[in-house]
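>>> Quick one, what's the 3D model for this:
(chains A and B)
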Amino acid sequence: MRFFTVLGILFYAAIIILIGLVFIAFSLNLINPQDIGSFLNLIQSNLNSRLITGLSGILLILLSFSFAQLILGRFQREKTIAFTTSSGQVTIALSAVEDLIKRLAGVIPEIKELRPDVIATKKGILVDLRVVLRSEANIPDLTARLQEITKNKIQEVLGIEEQILIKIHVAKIISHEEKDRKRKEIEKEQPNIPFGGYSRG
Amino acid sequence: MQAEESRTDLGNIKIHKNVIASISSLAAIEIEGVKRIGGNFRSALLELAGKKNLAAIQVEINKNEEVKVDIPLVIKYGFNIPEVANKVQESVRNALEKMTNLSVKDINISVQAIERG
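Have a look, this model is predicted:
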């Protein structure tokens, strides 16, 4: 499997180098546009060469997919917290930690929306929280409470002793007036039907 | 898929990798705190095609006939992840050793998400 991956990477690199060389040769007037035209005509004139070109195209598309998967897989693999037990390795996706933090919004009623972004660094776990608050609550108190709850929850659930840094960004504060205005807007959109409350019989 | 093969006086016994994946899946699911077996793009495609979610569990058997299992998991909210992962590893190891007599080398758990139970 690794052999094919290396082969794929080498092939991909060779193709890109070749394209680069063609561009350089073109800019240095080493290739004439007529040469390119005659080469393309030659490919299209013969059924076998057309077949080979088509198959090469399919192969390139497949290679691109495998290459993209390889790169994305590598990125995904990096976005985890890992520890080893006697039976094997346990990896926790950072998105799972983000899910966990999102659930905390339900614990504090003043928080309307909570968008976490978790990054694992060598120093520890870095949590960026973007919050939308429901009312004009005491922000220093609320954010300190949120930091404490988040830190405790991560330590409790993940069982890690690494440093956890929590940054909070209050993006918006929704006041009661704004809520009332939104409610009125919704009521306007749904007008009362005359005699709607009465029924037959 | 490659199968694990052992020989008796009467003939060969082959255990398919799907069987190992299936045992692992059942052993993992019965642990409290496990919501479901996770998945990847390939397993999602196979699930659409009507195949079971076994493709998400990767089974490897090396030359020394040792088994390595990779299990993606979705854990229920409120449970301690290392504890649940440890229990799953133990449960899968016991189930595989009991049912197949195979030597289990590694059981790797990958926690993909947390969902409300």
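
>>> Could you chop chain A up by domain?
A:2-78, A:90-181 (automatic domain parsing).

>>> How much space separates the nearest residue to residue B:100 once chain neighbours are set aside from chain A?
Take residue B:100 and drop its neighbours on the chain: the residue closest to it by Cβ to Cβ, 6 or more residues apart in numbering or on different chains is residue B:15, 5.5 Å away. Where C-beta positions appear, they are placed from N, C-alpha and C, glycine not excepted. Taking Cβ to the nearest Cβ, to the nearest Å as the measure, residue B:15 and chain A are separated by 20 Å.

>>> Would you agree residue B:15 falls within a strand?
Yes. Counting by DSSP: H, G, I helix; E, B strand; the rest coil, one finds residue B:15 located in a strand.

>>> count of residues packed around residue B:21?
By the criterion of other Cβ atoms under 10 Å in any protein chain shown, residue B:21 has 23 neighbours.

>>> Could you tell me how many residues sit around residue 14?
Defaulting to chain A. Residue A:14: 10 neighbours (other Cβ under 10 Å).

>>> Oops, wrong one, chain B.
11.

>>> do the same with residue A:145
Using other Cβ under 10 Å: residue A:145 sits among 15 other residues.

>>> before we move on, what about residue B:60?
For residue B:60, the tally of surrounding residues (other Cβ under 10 Å) stands at 14.

>>> Look up the closest residue to it, ignoring the ones flanking it.
residue B:68 (4.4 Å).

>>> mind listing what the residue nearest the centre of chain B touches?
The residue lying closest to the centre of chain B (Cα atoms, centre = their mean) is residue B:24, at 3.2 Å. Counting by Cβ atoms under 8 Å, 6 or more residues apart in numbering or on different chains, residue B:24 touches B:57, B:59, B:69, B:71, B:92, B:95-96, B:107.

>>> run the last query once more with 6 Å
For residue B:24, the contact set (Cβ atoms under 6 Å, 6 or more residues apart in numbering or on different chains) comprises B:57, B:69, B:71, B:92.

>>> got it, and residue A:85?
Here residue A:85 is in contact with residue B:86 (Cβ under 6 Å, 6+ apart).

>>> any idea which helix or strand comes after whichever helix or strand the residue nearest to the centre of chain B is part of?
Using DSSP states H and E, residue B:24 maps to helix B:17-29. Once helix B:17-29 ends, the next helix or strand along the chain (criterion: DSSP H and E) is strand B:34-37.

>>> and the domains of chain A, which one's lowest on average pLDDT?
The weakest mean pLDDT among the domains of chain A belongs to domain A:2-78, with a mean of 80.

>>> so how far is that one off the chain centroid?
29 Å (Cα atoms, centre = their mean, to the nearest Å).

>>> Is that domain in proximity to chain B?
No. Domain A:2-78 is not in contact with chain B by Cβ under 6 Å from any Cβ of the partner chain; minimum separation 8.3 Å.

>>> now stretch A:152-162
Yes. On the criterion Cβ under 6 Å from any Cβ, stretch A:152-162 is in touch with chain B at A:157-159.

>>> Buried ones among those residues?
A:157-158 (16 or more other Cβ atoms under 10 Å in any protein chain shown).

>>> just the residues of stretch A:152-162 next to chain B now: which is nearest residue A:123?
residue A:158 (16.1 Å; Cβ to Cβ).

>>> now what about stretch A:148-157, what contacts it?
A:100-101, A:104, A:164, A:166, B:80-81.

>>> which ones among those are found in helices?
A:100-101, B:81 (DSSP state H).
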